[in-house]
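Novice: Quick one: sequence and predicted model below, then my questions.
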Amino acid sequence: MNDWLPDIPVWQAPTGSIAGVELCAAVSRAGGIGSMGMTWEAEEEGARKIEAVRRITDKPFMCNFALAFAPKCLDNVLNAGAPIVCFSWGDAAPYAKRVKNADAILGVQVTNVDGMKRAADIGAEFVICQSVEAGGHVQSTTSMDTLLPKILDAAGDIPVIAAGGVSTGTRIAELIRLGAAGVMCGTRFVASVESLAHAEYKRRLVEAEAEDAALTMCFQDGWQGAPHRVLRNSTMETWEAYGSPSVGNRPGEGDKLAVNGHGEPILRYEDTAPRVGMEGEIEAMCCYAGMGVGNIQSILPASEILLQLWKEALETSN
């Protein structure tokens, strides 16, 4: 029934523009589930990325759409053969039939029991249980230890993937022992060789402690109203010092912090994560990180990260 589930029950989170073809393919090829965020991709680019991963590996991988935005390239991604499609930040019901008609596996991110029931009603074949410890844009308001047992109880036979602050094999073993079918790691794979994160961003992840990953509303430009967990930096500290003012009243608003590979400006308070090819004040940009960041000690190939995590999980379980 769930023979598509991976040999190693570790999923790499779809960390927006940071998780590209190489990272996604590396994780899946090594036995986990790699993923890519497709929310903001143009139609042709979404299909190109699916085809590129499929040329590298025949293992399953996932695409995610945050439904706070229209899923513009959904049909192209499905037509290109995306094997697993997940939705977050919105109601997946209008898109469920399209995914199933394309013979793709349907997943939904959930953050409470009612969301779990809704996912089951629309035919979700797995759910991602996101907790408040997660990095990036955080849909949840509840801790993993409180949330996961409730979601598992409501899920029945539907596989539940636990996501939020997971960065060690010990934690993986603990969550699987509770009943999760797998775990999702985001920040740990941002700090990988294949990740498209800027080198300075990766360095900051390695040096950070758990308390450096703060849930905030600081970086609103690009996705207003969505809480996000990021590394504390000069932009956030100054914003808080001024009383965490609203959009239009923030200190340094409109400052150009950096440029991307095409020379386009990146302004203070944008939700854009620092990527390869960007130049400027990288430290002051939006560097997403979950609460497991304090356990990251090195930048390694994605396959090595995956195998180390699972080895540690197995050793913990024995």
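Specialist: The structure has been received and is ready for your questions. Numbers count the residues shown, from 1 in each chain.

Novice: Where do the strands of the stretch 201-318 of the chain begin and end?
Specialist: 213-216, 228-231, 256-259, 265-267, 279-280 (DSSP state E, counting those that start in this stretch).

Novice: Out of the ones you listed, which is the most enclosed?
Specialist: strand 228-231 (a mean of 22; mean count of other C-beta atoms under 10 Å). (C-beta placed from N, C-alpha, C; glycine too.)

Novice: what helices or strands is that strand leaning on?
Specialist: The helices and strands touching strand 228-231, judged by 3 or more C-beta pairs under 8 Å, 6 or more residues apart in numbering; DSSP states H and E, are strand 136-137, strand 213-216.

Novice: now that strand: mean pLDDT?
Specialist: Per-residue pLDDT values across strand 228-231 average out to 98.

Novice: Name the surrounding residues that touch it.
Specialist: Applying C-beta atoms under 8 Å, 6 or more residues apart in numbering, the contact partners of strand 228-231 are 133-138, 204-205, 208, 212-219, 236, 271, 286-291, 293.

Novice: Dump it to CSV, restricted to CA.
Specialist: The C-alpha coordinates for strand 228-231 follow below in CSV (Å, rounded to 0.1, in the frame of the first residue of the first chain):
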residue,chain,number,x,y,z
HIS,A,228,9.1,32.7,9.9
ARG,A,229,12.0,31.2,11.9
VAL,A,230,15.3,32.7,11.0
LEU,A,231,18.8,33.3,12.4
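
Novice: So what's the gap between that strand and the chain middle?
Specialist: With C-alpha atoms, centre = their mean, to the nearest Å as the basis, strand 228-231 stands 12 Å off its chain's centre.

Novice: picking up where we left off before, please type out the PyMOL selection for whichever of the contacts of strand 228-231 turn out to be buried.
Specialist: Entered in PyMOL, the line below selects the buried ones among the contacts of strand 228-231, by 16 or more other C-beta atoms under 10 Å:
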select buried, resi 133+134+135+136+137+138+204+205+208+212+213+214+215+216+218+219+236+271+286+287+288+289+290+291+293
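
Novice: re earlier: reformat the helices and strands packed on strand 228-231 as TSV; add distance to Thr187 and mean pLDDT.
Specialist: Supplementary listing: the helices and strands packed on strand 228-231 in TSV, determined by distance: least, C-beta to C-beta, whole Å; pLDDT from 0 to 100:
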stretch	distance to Thr187	mean pLDDT
strand 136-137	9	97
strand 213-216	8	98
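
Novice: of all those, which lies closest to Gly182?
Specialist: Gly182 sits nearest to strand 136-137 of all those, at 18.5 Å, using C-beta to C-beta.

Novice: Tell me which other helices or strands the longest helix anywhere in the chain touches.
Specialist: If you go by DSSP state H, the chain has its longest helix at helix 302-317. Using 3+ C-beta pairs under 8 Å, 6+ apart, the elements in contact with helix 302-317 are strand 10-12, helix 21-29, helix 169-178, helix 187-190.

Novice: Centre of the chain to the last one, how far?
Specialist: Remark: helix 187-190 is offset 9 Å from the chain centroid, using C-alpha atoms, centre = their mean.

Novice: cool, the first one as well?
Specialist: Relative to its chain's centre, strand 10-12 lies at 10 Å (C-alpha atoms, centre = their mean).

Novice: same question, stretch 86-99
Specialist: 17 Å.

Novice: now do stretch 178-187
Specialist: That offset, for stretch 178-187, works out to 12 Å (C-alpha atoms, centre = their mean).

Novice: if we can go back for a sec, with just CA atoms, put the longest helix of the chain into CSV.
Specialist: The C-alpha trace of helix 302-317 is given here as CSV (Å, rounded to 0.1, in the frame of the first residue of the first chain):
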residue,chain,number,x,y,z
ALA,A,302,23.7,15.4,1.2
SER,A,303,24.2,11.7,0.9
GLU,A,304,26.7,11.7,3.8
ILE,A,305,24.3,13.7,6.0
LEU,A,306,21.5,11.3,5.2
LEU,A,307,23.5,8.2,6.0
GLN,A,308,25.0,9.6,9.1
LEU,A,309,21.6,10.6,10.5
TRP,A,310,20.1,7.2,9.8
LYS,A,311,23.2,5.4,11.2
GLU,A,312,22.8,7.4,14.4
ALA,A,313,19.1,6.7,14.5
LEU,A,314,19.6,3.0,14.2
GLU,A,315,22.3,3.0,16.9
THR,A,316,20.0,4.9,19.2
SER,A,317,17.2,2.4,18.6
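
Novice: This completes my enquiry, with thanks.
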